[in-house]
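Colleague: With the sequence up front, the predicted model follows.
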Amino acid sequence: MKIVVGLGNPGAEYENHRHNVGFMVLDRFARKHRFEFGQKKFRAQIAEGFLGREKVLLAKPTTFMNLSGESVGPLVSFFKIPVDSLLVVADDLDIPLGEIRIRPKGGSGGHNGLKSVIKHLGTQDFPRLRVGIGRPPGNMDPADYVLRPFLPDEMPVVEQVLETAVSAVEIWLLEGIEAAMNRFNRKPVQKDG
């Protein structure tokens, strides 16, 4: 079994915020593959199903972002999965909007949700998919920026990157981290005109 965790903040008021890109990716994956978020376990909304022969559990922690590890730690422990069978999907300020990066391990990059997961797992050696949300404009505080919705003119790029992120999750599940990195850790090709 593999577990995919999307990081975000619970509640309708946070639904389309930049910080909730992890939830958006899991929601889109669930719709595409007919997984249903119905159960609540381990302080998370859970959906289960299969992709090919791979059993997959999706989890959206119902803790706030900064406490995500309080959900992820017990989830991983209960199912006794190795941490390389866990993929955490999170937003990233340092990656331009429209780009993603998938890595087998790494630090938190200052992301409080990832910091919490690292703390509760006792390791940073777990795969993560970082979805770029870009830097805040001007002198805006990054903490305010991540808690704002995407702008209407950004939505076509957001839609495209969510599709790309879902594809990256699928490749990770079916073919592994190396295949996903080789395919998705490239800058998108700029179209002329």
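Modeller: That came through fine.

Colleague: Could you pull up the residues touching Leu7?
Modeller: Leu7 is in contact with 19, 22-23, 61, 65, 68, 88-91, 111, 113-114, 117, counting by Cβ atoms under 8 Å, 6 or more residues apart in numbering. Yep, even glycine has a C-beta here, placed from its N, CA and C like the rest.

Colleague: residue ranges for the helices of this structure, please.
Modeller: Ranges of helices in the chain, per DSSP state H, are 21-33, 69-79, 112-121, 142-146, 155-175, 177-184.

Colleague: what is the orientation angle of the last one with helix 155-175?
Modeller: Put simply, helix 177-184 runs at 150 degrees to helix 155-175, going by axes from the mean of the first three to the mean of the last three Cα atoms, to 10 degrees.

Colleague: how about the CA coordinates for helix 177-184, as PDB?
Modeller: The C-alpha trace of helix 177-184 is given here as PDB (Å, rounded to 0.1, in the frame of the first residue of the first chain):
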ATOM      1  CA  ILE A 177      10.200   8.100  -7.600                       C
ATOM      2  CA  GLU A 178      12.900   7.900 -10.300                       C
ATOM      3  CA  ALA A 179      10.400   7.700 -13.200                       C
ATOM      4  CA  ALA A 180       8.400  10.600 -11.700                       C
ATOM      5  CA  MET A 181      11.500  12.700 -11.200                       C
ATOM      6  CA  ASN A 182      12.800  12.100 -14.700                       C
ATOM      7  CA  ARG A 183       9.500  13.000 -16.300                       C
ATOM      8  CA  PHE A 184       8.300  15.900 -14.200                       C
END
